[in-house]
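> Fold the following for me, if possible:
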Amino acid sequence: MRVSTIHLQQLAIFTTVLTGGGIGTMYYLMQKQFAESDYHRLATQKLKACPVAMESLGAPPLKVHNIHLTDRDNCIGQSTAKIKIPVTGPQTGGYLYTCSTRDLDTNRWSLKQAVLKLKEGQTIDLLNPPAAQSFDTEL
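This is a model prediction of the structure:
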């Protein structure tokens, strides 16, 4: 049985489109799951509650971007979650480095570390926020 070249081309195009759609859907669902997780939500709430960090970003409005799935700083296990969340405001942007642990008895996440590192080199510890306008500058 012979298959025409046109049918093979159509099959290749259909398979490519179907695979691309599946990968796009999987990426979207994974990002949605991260954004809805307790460890991600706790970190972004802590950022929004820190006036020094929000002022440094020029926020509001604050834009929380999707995490980079291939970044080695993102590591999530049964009882710990370390993630690097890209954030931007109207003035600048940076990364929110977080570390959370889960209490196995209550099944609740608690934030152990939340540090905002801005593009300019400023570092703001969100769990021990500095007084207004006194940032740590890394060299």
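> any weak-confidence spans in this protein?
Low-confidence segments of the chain, defined by pLDDT under 70: 1, 131-139.
> now the helices: where do they sit in it?
For the chain, the helices defined by DSSP state H occupy 5-36, 38-49, 51-57.
> quick one: which of those is nearest Lys82?
helix 38-49 (9.0 Å; CB to CB). Backbone N, C-alpha and C define where each C-beta goes, glycine included.
> And for the closest one, what's in contact with it?
If you take CB atoms under 8 Å, 6 or more residues apart in numbering as the criterion, helix 38-49 is touched by 34-35, 53-54, 62, 64, 76, 81, 83, 85, 87, 96, 98, 100, 102, 108-111, 114, 116, 126-127.
> before we move on, the earlier item: distance to Gln91 and mean neighbour count added to the helices of the chain, as JSON lines?
Shown next, in JSON lines, are those (distance: least, CB to CB, whole Å; neighbours: other CB atoms under 10 Å):
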{"stretch": "helix 5-36", "distance to Gln91": "23", "mean neighbour count": "11"}
{"stretch": "helix 38-49", "distance to Gln91": "15", "mean neighbour count": "18"}
{"stretch": "helix 51-57", "distance to Gln91": "6", "mean neighbour count": "19"}
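> Can I get those in a markdown table including distance to Arg72?
A markdown table is the format used below for these (distance: least, CB to CB, whole Å):
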| stretch | distance to Arg72 |
| --- | --- |
| helix 5-36 | 16 |
| helix 38-49 | 17 |
| helix 51-57 | 24 |
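> Tell me which of the ones you listed sits nearest to Leu69.
helix 5-36 (6.7 Å).
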